[in-house]
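Peer 1: structure, please.
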Amino acid sequence: MKVPIFTHKAHRGLTLEFDQPRETVRLLGSDGELLGSVTWSNVIDFIQTSVEDRTRSDTRTDLRIPLTVSVEYQTTDGKRFKSVTGAMSGGGLFIETKHPLPIGTELSLRFSLPAPIQESITTKGRVSWIRNKTHRNLLMPGMDLEFTTIDPNARKRIIELIQDARPPRP
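Peer 2: Below you'll find the predicted structure:
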């Protein structure tokens, strides 16, 4: 099936072609030349990830910043792992890993905040969502953890670090 594009000025004259046997979507130029193609699997992954990103940002209550620190974590049955964080907030953190644990997994965590705070934090968390593969060649696979038990002073230090790292508002 071919669907010509008329609604957007920049795309007029282009055509989307759905190739069912090959499960691809092809983009054709105004002269019918192939401009590119993508598999249905990639389209589905893109849509699902976009929905997940929107849902997560809509439910997040704490300010989050990109922050890379070493983190050690352990499951309740004693399996130990080491990785790095990709982001952190007062309510949780994202751990970069090619092997995220299932949603709901309870973990013990240990990480150190960078200078100027340089405080070691031990806490507990639960996997709240996962990203199974690299997203848009920018975001690493991994898992987001919500802190379930955290010392109020440790949470305060994390929030201070995040607020200090934010650029000033104009």
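Peer 1: contact partners for Arg155?
Peer 2: By CB atoms under 8 Å, 6 or more residues apart in numbering, the contact list for Arg155 reads Gly90, Phe147. C-beta: built from backbone N, CA, C; applies to glycine.
Peer 1: how about the helix or strand harbouring it: buried residues?
Peer 2: Per DSSP states H and E: Arg155 is located in helix 152-165. Buried residues in helix 152-165, counted by 16 or more other CB atoms under 10 Å: Ala154, Arg155, Arg157, Ile158, Leu161, Ile162.
Peer 1: equivalent analysis for stretch 104-123, please.
Peer 2: Of the residues in stretch 104-123, those buried (16+ other CB under 10 Å) are Thr105, Glu106, Leu107, Leu109, Phe111, Leu113, Ile121, Thr123.
Peer 1: could you do stretch 22-35 as well?
Peer 2: Neighbour-count burial for stretch 22-35 [16+ other CB under 10 Å]: Thr24, Val25, Arg26, Leu27, Leu28.
Peer 1: what's the closest of those to Ser89?
Peer 2: Set against Ser89, the nearest of the buried residues of stretch 22-35 by CB to CB is Val25 (36.6 Å).
Peer 1: show me what that closest one is bridged to.
Peer 2: For Val25, the beta-bridge partners are Phe18, Val38 (DSSP bridges).
Peer 1: among the buried residues of stretch 104-123, which one has the lowest pLDDT?
Peer 2: pLDDT across those is lowest for Leu113, at 91.
Peer 1: wait, isn't that residue in contact with Glu160?
Peer 2: No - counting by CB atoms under 8 Å, Glu160 is not a contact partner of Leu113; they are 9.2 Å apart.
Peer 1: would you mind measuring from the closest residue to Gly125 other than its chain neighbours to Ile117?
Peer 2: The shortest distance from Gly125 to any residue other than its chain neighbours is 3.7 Å, reached at Leu145 (CB to CB, 6 or more residues apart in numbering). Counting by CB to CB, to the nearest Å, the gap from Leu145 to Ile117 is 20 Å.
Peer 1: equivalent analysis for Ile65, please.
Peer 2: 14 Å.
Peer 1: again with Leu107
Peer 2: 22 Å.
Peer 1: sorry, back to before: dump the buried residues of helix 152-165 to JSON lines, plus distance to Thr75 and pLDDT.
Peer 2: Putting the buried residues of helix 152-165 into JSON lines (distance: CB to CB, whole Å; pLDDT from 0 to 100) gives the following:
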{"residue": "Ala154", "distance to Thr75": "21", "pLDDT": "94"}
{"residue": "Arg155", "distance to Thr75": "23", "pLDDT": "93"}
{"residue": "Arg157", "distance to Thr75": "26", "pLDDT": "91"}
{"residue": "Ile158", "distance to Thr75": "23", "pLDDT": "92"}
{"residue": "Leu161", "distance to Thr75": "27", "pLDDT": "88"}
{"residue": "Ile162", "distance to Thr75": "27", "pLDDT": "86"}
